[in-house]
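Participant: Following is a predicted model, sequence given first.
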Amino acid sequence: MNFFKRLFKIGQSEANSAIDKMEDPIKMTEQGIRDLKLNLEKNLESLAQVKALAIRAKSDVEELTSKAQDYEQKAILILKKAQKGAIETSEADRLAKEALIQKEEMHQKITMAKKEMVQFNTSVSQLEHNVQEIKQSINKWENELKTLKARVKVSKATKNLNKQMADIDSASTVSMLERMKDKVRQEEALAEAYGDIAKSSKSLDQELSEAADETETSAEESLLKLKESLKINDKDA
């Protein structure tokens, strides 16, 4: 007994390990449902066979009961004929006794047939219970399979998305962004440098023109200041 318990535990452990390692839960569940349906077919076949035996046993009981009653009736008829003188008393007693012996044998067979009928009916009840349980399990797991397929579809999509997100290197992305920011700064500095070069390459005339343009609005004031510095007034002019 202990050996079979250990063997069962080893098998159970291997089954759990196989479940842990399985790659396709949908296919495994579908195979499990097929196994349940095969088991259902076997139980239905056994149920039909045992039911047939139970029906046969019941029929035997009825037939044997009828025979026992018939033997009893024959014994009664024989004794009545003896009373009427139709049969010698000794012969009637012998025949009636044989009929009663046959009746007793029928009762013994009836007892055995009834025991078999009870056993068969008990087996029928157990098999019907098994069949009902298997049907419920099949129905349950077929519904579970629909849910499982939807869950697997969602989990695969989520896994793929998470995998894509996991493949994105946050550190390298931040580094790239920093490089882009530095590049923009470098471009800005380069633009400013070209601006300074452009300014330094201007001719003296351009500078004078730009300066003159900037002070054109205050030319009179500048003229007065110049004259004052030279001590020139309008009368001298």
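Facilitator: Nice, I can see it. Numbering: from 1, shown residues only.

Participant: Going by neighbour count, list what's buried in stretch 89-100.
Facilitator: By 16 or more other CB atoms under 10 Å, the buried positions in stretch 89-100 come out as Ala92, Leu95, Ala96, Ala99. For glycine as for every other residue, the C-beta is placed from the backbone atoms N, C-alpha and C.

Participant: what packs against the host helix or strand of Val184?
Facilitator: Assigned by DSSP states H and E, Val184 belongs to helix 170-200. In this structure, helix 170-200 packs against no helix or strand, with contacts taken as 3 or more CB pairs under 8 Å, 6 or more residues apart in numbering; DSSP states H and E.

Participant: Tell me which stretches of the protein form helices.
Facilitator: Ranges of helices in the chain, per DSSP state H, are 2-21, 25-84, 89-167, 170-200, 204-215, 219-230.

Participant: In JSON lines: those helices, plus mean pLDDT.
Facilitator: Output for these, formatted as JSON lines (pLDDT from 0 to 100):
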{"stretch": "helix 2-21", "mean pLDDT": "50"}
{"stretch": "helix 25-84", "mean pLDDT": "92"}
{"stretch": "helix 89-167", "mean pLDDT": "89"}
{"stretch": "helix 170-200", "mean pLDDT": "75"}
{"stretch": "helix 204-215", "mean pLDDT": "59"}
{"stretch": "helix 219-230", "mean pLDDT": "77"}
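
Participant: How is the chain partitioned into domains?
Facilitator: 26-142, 170-200 (automatic domain parsing).

Participant: do you know which of those lies nearest Leu161?
Facilitator: Nearest of the domains of the chain to Leu161, taken as CB to CB: domain 170-200 at 16.1 Å.

Participant: can you give me the offset of that closest one from its chain's centre?
Facilitator: Distance of domain 170-200 from the chain centroid (CA atoms, centre = their mean, to the nearest Å) equals 56 Å.

Participant: Report the buried residues of that domain.
Facilitator: By neighbour count on 16+ other CB under 10 Å, the buried set for domain 170-200 is empty.

Participant: Ok, stretch 144-158 next?
Facilitator: Residues of stretch 144-158 classed as buried by neighbour count (16+ other CB under 10 Å): Leu145, Leu148.

Participant: Other residues contacting it?
Facilitator: Contacting residues not belonging to stretch 144-158 are listed as Pro25, Ile26, Thr29, Glu30, Ile33 [CB atoms under 8 Å, 6 or more residues apart in numbering].

Participant: again, but for stretch 47-64
Facilitator: Contacts with stretch 47-64, where a contact means CB under 8 Å, 6+ apart, come from 106-107, 109-110, 113-114, 116-117, 120-121, 123-124, 127-128, 131.
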